[in-house]
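A.B. asks: build me a model from this:
(one chain, ligands or ions: 2)
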Amino acid sequence: MSLELRGITKSFGALVANDSIDLKVETGEIHAILGENGAGKSTLMNIVYGLLKADAGEILVDGQIKNINQPSDALEAGIGMVHQHFMLVPVFSVAENIVLGHEKIKGPGILDLADAKAAIKRVSDEFNFEVDPDAIVENLPVGVQQRVEIIRALIYDAKVLILDEPTAVLTPQETDELLNIMKNLKAKGTSIIFITHKLREVKAAADRITIIRRGKVVGTASPSESQEELASLMVGRPVQLNPDKGAHSIGQTLLSIKNLVIKDSTGRPIVKSVNLEVHAGEVVAIAGVQGNGQSELARAMVNLEPHIEGSITIEGEEIIGESVRQALHHGIAFVPESRELDGLISSFSIAENLILDLHDLPPFAKGVSLFPSVVASEAQKRVTEFDIRIQSVSDPVSSLSGGNKQKVVLARELSRPVRVLVASQPTRGLDVGSIEFVHERILAERDAGRAVMLFSTELDEVLALADRIAVMYRGEILAVVPNTVTREELGLLMAGVVNNKVGDTKSA
Ligand SMILES: Nc1ncnc2c1ncn2[C@@H]1O[C@H](COP(=O)(O)OP(=O)(O)OP(=O)(O)O)[C@@H](O)[C@H]1O
Ligand SMILES: [Mg+2]
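C.D. replies: Ligands and ions are numbered 1, 2, ... in the order given. Purely as a prediction, here's the structure:
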């Protein structure tokens, strides 16, 4: 089935998010859409899926104009979408979620659990997915949860599948599995619209590429172009994909973690006795397959975890047992993995979110009074410096595109004087131009003598930025290696293999 968009236009107030966009996706092709943060990709897809109404333009399926006013219209026309933020109910089973999806969408098809299980089996067999219909969603790895969303679209017989940044939250292995699934779908004639910021994936999977900049289609490209060419087409200037990392001079120990144990609410240890020192002027990356304790370790650095034992000191000052606010006041910049949960207050304005850390400190306020004009001008300064694409700093932060939300958190955390920077997945969801900028900023922190702790599931990012790499496996640091390690060696360590043996997996 082919999908054609003609003259799609959509404004939010004065901002033209989609400016007369023409796009044609042929039957059985994987069509990638590349574009900077805020270029208008998600807006366009939300229009195609009936979540937003275009101001002008037409959607044609196999040459026929379709009126799509809600998702059920899209599903009926054979268009399915997997959103970046999953829409599954965590405590329900896979099959229950599929039935629930039907009730919400009122589309064709599934009525009860037995139907749902049969449909899941049919789709799983046809496309070689492995998904247990009775599994509870919250117990499934992110990659499998995403497969459930794909199954849900396929059960409604989607012939055009929209994937909006599907790999942003996946591990490298899950990403490879998804790319294979996409190729299987394509082989069966499904057309796929694939949105991603990762050029490696575009080159690996896409048949054609359309590039969108500031709401307009600026060109098409072939996946045979180099990553550098694709990046500059997208951003409109040359982009340095591998940051220049100068020699570093290591100073004193700034951050010291001793015998750190983190338990979950049932008392089970998630992190088992971690010891690590980070010095002034070095980047230590924490690598590992998602779910091996890194997220908890990162959150523990500012006391966001409830059950911590052991010690974390910054130049000898203990932060365990303090409030998050007190921990930050010891001089930690913290970029959380989940910006929606820990990084932003979505009902607050962009300006307020940009100065959240400082709102009780001068020059923004004295005592309890806030000086709005100082807040606004500092916020505007940070917006310009970090190239955050907004209309007004007084708009709610919730109106920003995914990547621009991430930039608000980064701009806030990298704008104040600190001793230690803890950054979790700092470039998740960012476009290549923004990644270049953030990488430069992280290295600048290192060169200015800060201790940097980088949590990242992106091997390329770890290898590009880290001076030393600590690999976490089952709640422990399995090995600390220099940055001369190869991708393959790192991959093996992440799988728990040390010297060709599976590492010490003793349970505490
Ligand atoms: N509901 C809304 N109200 C106001 N502005 C909006 C709204 N939704 C999107 N925008 C604006 O429209 C522009 C395009 O946003 P969109 O989410 O489509 O970008 P994107 O290309 O998907 O970016 P990213 O790569 O960061 O996800 C952005 O400037 C965004 O702030
Ligand atoms: Mg988007």
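A.B. asks: quick check: Val278 is in a strand.
C.D. replies: Yes - according to DSSP: H, G, I helix; E, B strand; the rest coil, Val278 belongs to a strand.
A.B. asks: list the beta-bridge partners for it.
C.D. replies: Beta bridges link Val278 to Leu255, judged by DSSP bridges.
A.B. asks: domains in the protein, as residue ranges please.
C.D. replies: 3-235, 240-331+418-503, 341-416 (automatic domain parsing).
A.B. asks: for the stretch 251-400 of the chain, list the residues in contact with ligand 1, please.
C.D. replies: 389, 399-400 (C-beta under 6 Å from any ligand atom). From N, CA and C alone the C-beta is placed, and that goes for glycine too.
A.B. asks: just the buried ones among these, please.
C.D. replies: Among these, the ones that count as buried by 16 or more other C-beta atoms under 10 Å are 389, 399-400.
A.B. asks: can you show me the strands along the stretch 51-200 of the chain?
C.D. replies: 56-61, 64-66, 79-82, 160-164, 191-195 (DSSP state E, counting those that start in this stretch).
A.B. asks: correction: the previous question concerned the stretch 251-400 of the chain.
C.D. replies: 253-263, 269-279, 282-287, 308-314, 317-318, 332-335, 365-366, 369-370.
A.B. asks: least reliable of these going by mean pLDDT?
C.D. replies: For the strands of the stretch 251-400 of the chain, mean pLDDT drops lowest on strand 365-366, to a mean of 48.
A.B. asks: so the nearest residue to Gly403 once chain neighbours are set aside, which state does it fall into?
C.D. replies: Distances taken as C-beta to C-beta, 6 or more residues apart in numbering place Asn37 nearest to Gly403, at 2.8 Å, with adjacent residues excluded. Following three-state DSSP, we place Asn37 in the coil state.
A.B. asks: report pLDDT for Lys501.
C.D. replies: Taking Lys501 on its own, its pLDDT is 60.
A.B. asks: switch the strands of the stretch 251-400 of the chain over to JSON lines; also include distance to ligand 2 and mean neighbour count.
C.D. replies: Converted to JSON lines, those look like this (distance: least, C-beta to the ion, whole Å; neighbours: other C-beta atoms under 10 Å):
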{"stretch": "strand 253-263", "distance to ligand 2": "33", "mean neighbour count": "19"}
{"stretch": "strand 269-279", "distance to ligand 2": "31", "mean neighbour count": "19"}
{"stretch": "strand 282-287", "distance to ligand 2": "27", "mean neighbour count": "25"}
{"stretch": "strand 308-314", "distance to ligand 2": "35", "mean neighbour count": "18"}
{"stretch": "strand 317-318", "distance to ligand 2": "40", "mean neighbour count": "12"}
{"stretch": "strand 332-335", "distance to ligand 2": "19", "mean neighbour count": "24"}
{"stretch": "strand 365-366", "distance to ligand 2": "34", "mean neighbour count": "14"}
{"stretch": "strand 369-370", "distance to ligand 2": "32", "mean neighbour count": "10"}
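A.B. asks: relative to Glu385, which of those strands is closest?
C.D. replies: strand 332-335 (15.2 Å; C-beta to C-beta).
A.B. asks: what residues does the closest one touch?
C.D. replies: The contact list for strand 332-335, computed with C-beta atoms under 8 Å, 6 or more residues apart in numbering, reads 301-302, 314, 319, 328, 343, 409-410, 413-414, 416, 418-424, 426, 445.
A.B. asks: list only buried entries from those.
C.D. replies: In those, the ones that pass as buried (16+ other C-beta under 10 Å) are 301-302, 314, 319, 328, 343, 409-410, 413-414, 418-424, 426, 445.
A.B. asks: distance of Thr210 relative to Ile150?
C.D. replies: Using C-beta to C-beta, to the nearest Å, Thr210 is found at 22 Å from Ile150.
A.B. asks: I'd like the strands of the stretch 251-400 of the chain laid out as JSON lines, including distance to Glu58.
C.D. replies: What follows is these, written out as JSON lines (distance: least, C-beta to C-beta, whole Å):
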{"stretch": "strand 253-263", "distance to Glu58": "54"}
{"stretch": "strand 269-279", "distance to Glu58": "52"}
{"stretch": "strand 282-287", "distance to Glu58": "47"}
{"stretch": "strand 308-314", "distance to Glu58": "57"}
{"stretch": "strand 317-318", "distance to Glu58": "63"}
{"stretch": "strand 332-335", "distance to Glu58": "42"}
{"stretch": "strand 365-366", "distance to Glu58": "52"}
{"stretch": "strand 369-370", "distance to Glu58": "48"}
